[in-house]
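Trainee: Pasted the sequence and its predicted model underneath.
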Amino acid sequence: MPGKSIVMAVVLSGWLIAAVIAFMIVAYASFFGVGVIGIMIWFVTARVDMEDDGVVGAGVSPGFLAQQVRSRSEMSPAERAAHRGRQLLGQQSTRFFRYLGIALTVAGFGGFLLFQI
């Protein structure tokens, strides 16, 4: 088997396990579970945003940051444009999932409160 198909099988297995766990949370906790899943998505998107800005992450040191600044200043205009395009795509997808997390949180906890009253 090629390596790519093995990696895809592992990734899809991980998504299947995550989907089963999410289903179990929602099945047992109903709207409250939806709210919890929304908060988890919201937390992950906040973490991804901070990692993109260089605020958090493993192995961040002044030398590493200086190397990043130096390599970005040495980029050609085409390389800078490509880098900005990749950053923009990442920011758009992060923004989508942040809004999805916010919507799930509001719907989950709102539905939970509605059924408690």
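Mentor: Now that the structure is in, tell me what you want to look at.

Trainee: how close does Ala82 get to Ser76?
Mentor: From Ala82 over to Ser76 the distance is 9 Å, taken as C-beta to C-beta, to the nearest Å. Bear in mind the C-beta positions are built from the backbone N, C-alpha and C, glycine included.

Trainee: and what of Ala22?
Mentor: Counting by C-beta to C-beta, the gap from Ala22 to Ser76 is 44 Å.

Trainee: higher neighbour count, these two?
Mentor: Neighbours were counted for Ala22 and for Ser76 using other C-beta atoms under 10 Å; Ala22 has more, 16 against 8.

Trainee: Let me see the contact set for that one.
Mentor: Ile37 (C-beta atoms under 8 Å, 6 or more residues apart in numbering).

Trainee: Identify the residues contacting the closest residue to Phe43 other than its chain neighbours.
Mentor: Counting by C-beta to C-beta, 6 or more residues apart in numbering, Phe43 lies nearest to Gly101, which is 7.9 Å off, once chain neighbours are set aside. Listed by C-beta under 8 Å, 6+ apart, the contact partners of Gly101 are 38-45.
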